[in-house]
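Asker: Give me the fold of what follows.
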Amino acid sequence: MNEKLYFEDVDIGDEIGPVTRTVSDEEVIQFVSIRDEKVTPSRFTSKEFANSEGLDEAIVPGAMNIALMSQVLTNWSETVCLLKIDVVFRGTVPHNKDLVFSGIITDKDETGESTKLECDIVMENSDGVKLVIGTGIIALPNKP
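Answerer: Okay, here's the model as predicted:
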């Protein structure tokens with residue numbers, strides 16, 4: 001994470017990441033338990049249940065994928081304010097496998113009316129297959 005990044009420090013084409021991380025079974029169970037007090041077997045928590053639905057393995061819930069994508073943007077700098085994120089799921093996201101997150105700045109408000117930046121963000125598996133793609137709008141403060 002860059003300690004403090006300012007609007008003036010960023011240009012179109014600047015990269016965010018890459019960040020590699022693995023989502024463990026325990027993290028998924030903890031995430032699911034936020035909503036459901038008692039975690040029951042599901043496609044998210046049980047390989048056997050996922051197999052019964054035609055999946056090869058348990059998968060990371062969509063809401064958790066959005067949270068992970070958001071976290072990549074907000075961890076870029078302590079000064080980032082996430083305004084909006086929009087994602088498209090292109091594949092299932094497995095537990096316990098390396099995931100690579102990256103982003104790129106695609107637009108910068110040069111009107112002087114805001115400090116908004118637009119970016120593309122991607123979650124890929126270790127083979128480079130895009131599992132989740134999206135766009136984000138973030139804001140950074142002006143330099144003091």
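
Asker: if we look at stretch 48-66, which residues are touching it?
Answerer: For stretch 48-66, the surrounding residues in contact (C-beta atoms under 8 Å, 6 or more residues apart in numbering) are 23, 25, 28, 31-32, 41-47, 68, 85, 87, 89, 92-95, 123, 131-132. Every residue, glycine included, has its C-beta placed from N, CA and C.

Asker: quick one: which of these sit in strands?
Answerer: In strands, judged by DSSP state E, the following of these are found: 85, 87, 89, 123, 131-132.

Asker: Give me the neighbour count for residue 12.
Answerer: Residue 12 is flanked by 13 other residues according to other C-beta atoms under 10 Å.

Asker: Counting neighbours, which of the ones in strands among the contacts of stretch 48-66 comes out on top?
Answerer: Counting neighbours by other C-beta under 10 Å, residue 123 leads the ones in strands among the contacts of stretch 48-66 with 26 neighbours.

Asker: Among the ones in strands among the contacts of stretch 48-66, which one sits closest to residue 105?
Answerer: residue 85 (14.6 Å; C-beta to C-beta).

Asker: hang on, the earlier thing: now, the most widely separated pair of the ones in strands among the contacts of stretch 48-66?
Answerer: Maximum pairwise distance among those (C-beta to C-beta): 15.5 Å, between 85 and 131.

Asker: which of the contacts of stretch 48-66 are buried?
Answerer: Neighbour counting by 16 or more other C-beta atoms under 10 Å classes 23, 28, 31-32, 42-47, 68, 85, 87, 92-95, 123, 131-132 among the contacts of stretch 48-66 as buried.

Asker: Let me see the ranges of the helices in the protein.
Answerer: 25-35, 47-52, 62-74 (DSSP state H).

Asker: Determine which stretch of those is the most buried.
Answerer: Comparing those by mean neighbour count (mean count of other C-beta atoms under 10 Å), helix 62-74 comes out on top with a mean of 18.

Asker: From residue 9, how far off is the residue nearest to the spatial centre of the chain?
Answerer: The C-alpha lying nearest the average C-alpha coordinate of the chain belongs to residue 69 (C-alpha atoms, centre = their mean; 0.9 Å). Using C-beta to C-beta, to the nearest Å, one gets 22 Å for the distance from residue 69 to residue 9.
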